[in-house]
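S.K.: I'll drop the sequence and a predicted model, then ask my questions.
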Amino acid sequence: MLLAPGLWLEQMPMQLEVTNTSFYFTRALGLADLALAPLFFWCARNLKKRKWVHFSLTIYVLGFALLNGVEIAMAPVIPSDAAFWLPMVVLVFLPAVLMVMMALPPLPSRVKGPREEGKVKWFNATKGFGFITRAQGDDVFVHYRSIRGEGHRTLREGQDVEFVVIKGEKGLQAEDVQPL
């Protein structure tokens, strides 16, 4: 993606004559390249190192937009500019922003309610569940999906945790579990 837009310059080493037509053609190629960036965000949504991929793509997109923004700001303004850029913004940037928003991981949802502290009674990492002993009351069931974090989420026996107790299908259950 980063190489393709400049590849045609390598194949045509002649001096480019700068005209309004070539200026807009170059901008359109750049915008088309920028419009492909959300596709890479979308493809990277399930990668294990997704944060670094999203970070590098974000730097690329922001840098590209900044460079083009400076060049556009320094370009001579002619009446047809609005006629060219308004459709580009609507057809390229708006869908690109929406695709980026769809590709980003959802914000972690936190369960509302009073937080309690307890100790992990036992947790089977293979099966992904266990029990937490509360300071007051019965033990509560905990599933690995209720543990905050990404990747392999597990708890150790005797580990102090903070959580919210909810009424699940099979009884009391710990949600939004955070190791202390």
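M.R.: In hand now; what should we look at?

S.K.: quick check: domain ranges of the chain?
M.R.: Listed by automatic domain parsing, the domain ranges of the chain are 4-8+16-103, 115-179.

S.K.: go through these and find the least confident stretch.
M.R.: Here the domains of the chain differ in mean pLDDT, and the lowest is domain 4-8+16-103 at a mean of 63.

S.K.: tell me the contacts of Leu172?
M.R.: Contact analysis of Leu172 by Cβ atoms under 8 Å, 6 or more residues apart in numbering lists 137-138, 140-141, 165-166. No exception for glycine: its C-beta is placed from N, CA and C like everyone else's.

S.K.: for it, give its distance to Val97.
M.R.: Leu172 sits 42 Å away from Val97, going by Cβ to Cβ, to the nearest Å.

S.K.: what's the span of stretch 126-144 from first residue to last?
M.R.: 10 Å (Cα to Cα, to the nearest Å).

S.K.: that should have said stretch 118-136, apologies.
M.R.: In stretch 118-136, first residue to last residue: 9 Å (Cα to Cα).

S.K.: which residues are contacting that stretch?
M.R.: 116-117, 139-145, 152, 154-161, 163, 165, 174, 177.

S.K.: emit the ChimeraX select command for whichever of these are buried.
M.R.: Per 16 or more other Cβ atoms under 10 Å, the buried members of the contacts of stretch 118-136 correspond to this ChimeraX selection:
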select :116,139,140,142,143,144,154,155,161,163,165,174,177
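
S.K.: show me the contacts of stretch 118-136 that map onto strands.
M.R.: Judged by DSSP state E, the subset of these located in strands is 116-117, 140-143, 160-161, 163, 165, 174, 177.

S.K.: need those in TSV (columns: distance to Gly63).
M.R.: Rendered in TSV, the data for the ones in strands among the contacts of stretch 118-136 read as follows (distance: Cβ to Cβ, whole Å):
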residue	distance to Gly63
Glu116	46
Glu117	45
Val140	48
Phe141	48
Val142	44
His143	42
Asp160	44
Val161	42
Phe163	42
Val165	47
Ala174	44
Val177	39
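
S.K.: alpha carbons only: can I get stretch 153-162 in CSV?
M.R.: C-alpha atoms of stretch 153-162 as CSV (Å, rounded to 0.1, in the frame of the first residue of the first chain):
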residue,chain,number,x,y,z
ARG,A,153,-6.9,-14.2,30.9
THR,A,154,-6.4,-16.3,33.9
LEU,A,155,-6.4,-16.0,37.7
ARG,A,156,-4.1,-17.6,40.3
GLU,A,157,-5.3,-19.4,43.5
GLY,A,158,-5.2,-17.0,46.4
GLN,A,159,-4.9,-13.9,44.2
ASP,A,160,-6.7,-10.8,45.4
VAL,A,161,-9.3,-9.5,43.0
GLU,A,162,-12.0,-6.8,42.7
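
S.K.: perfect, that will be all.
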